[in-house]
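Trainee: below are the sequence and a predicted model; questions follow.
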Amino acid sequence: MIEGKRVGANQAAGIATCVLLVACGGQDLSSADPDLLNTTPSYARDVRPILRQHCESCHASYGPILNGVELDAYQSAYSNRVRVVCTAVAEDRVSDYADALRPAPRLGVERPPCDGFAIDSMPPGTQPRLTAAEQLVLLRWTATGANP
Ligand code: HEC
């Protein structure tokens, strides 16, 4: 896969594993490369290539910035991270990362994970979903501090 060249070796292996799983009809994240569960992804190295491939045609400073979501710059991706990850991952993964995916409290009241965001809605329409391994990179990124 072309994007495999732009991610770390662990992620590349995870994506490769995932491709095999998809070919066999599965999309089970827990079967993606277990090494992925120990990574601390960074925006520049791991996350940006995924966003570039799946999202930037509609959400980048050099093109349309739909809904004010600009994903080609770290600062913007960081401040939008909860809604970005919520919209891009499968519903059954959200509870595993509940704390990382809680929007800011409203009027001092803690909110449920992904509250107010349409889970698994991006990219829209018939565009391919993120692979299981790519979703895991985004989830790990938010859960480990959303580093640059
Ligand atoms: C083909 C264009 C297109 C692509 C590709 C695309 N989006 Fe979107 N996105 C939209 C449109 C249109 C909206 C506004 C309408 C809506 O919310 O459905 C939107 C809205 C959003 C929102 C705001 C939702 C909210 O509730 O605040 C987020 C976050 C988002 N997109 C993230 C992503 C991510 C992450 C990807 C890649 C995984 C992505 N988008 C790929 C078109 C796109």
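Mentor: Yes, it's here. Numbering: from 1, shown residues only.

Trainee: right, and Leu139 touches Ala98 too?
Mentor: No: using CB atoms under 8 Å as the test, Leu139 is too far from Ala98 to be in contact (10.9 Å). The C-beta positions use only the backbone N, C-alpha and C, and glycine is treated the same way.

Trainee: tell me which of the two has more neighbours.
Mentor: More crowded of Leu139 and Ala98, by other CB atoms under 10 Å: Leu139, with 23 against 12.

Trainee: any residue of whichever strand or helix holds that one touching the ligand?
Mentor: For Leu139, the element it lies in under DSSP states H and E is helix 132-143. No: using CB under 6 Å from any ligand atom, helix 132-143 stays clear of the ligand, coming no nearer than 8.0 Å.

Trainee: spell out which parts of the protein neighbour the ligand.
Mentor: So far as CB under 6 Å from any ligand atom goes, the chain lies against the ligand at 54-55, 57-59, 66-67, 69, 83-84, 87-88, 117-118, 122-124, 127, 130.

Trainee: apply 8 Å and report the result again.
Mentor: Residues of the chain that fall close to the ligand, judged by CB under 8 Å from any ligand atom: 50-51, 54-59, 64, 66-69, 71, 80, 83-88, 116-118, 121-125, 127, 130, 138.

Trainee: quick revisit: can you tell me which helices and strands the helix holding Leu139 packs against?
Mentor: When contacts are defined as 3 or more CB pairs under 8 Å, 6 or more residues apart in numbering; DSSP states H and E, helix 132-143 packs onto helix 9-23, helix 48-54, helix 81-88, helix 91-94.

Trainee: relative to helix 81-88, how tilted is it?
Mentor: With axes from the mean of the first three to the mean of the last three CA atoms, to 10 degrees defining the directions, helix 132-143 sits at 160 degrees from helix 81-88.

Trainee: gap between Glu91 and Tyr97?
Mentor: Distance, Glu91 to Tyr97, by CB to CB, to the nearest Å: 12 Å.

Trainee: out of the two, which sits in the more crowded spot?
Mentor: Per other CB under 10 Å, whichever of Glu91 and Tyr97 has more neighbours is Tyr97, with 20 against 10.

Trainee: what's the local residue count around Val84?
Mentor: 25.

Trainee: over to Asn67?
Mentor: As a burial measure, Asn67 scores 11 neighbours (other CB under 10 Å).
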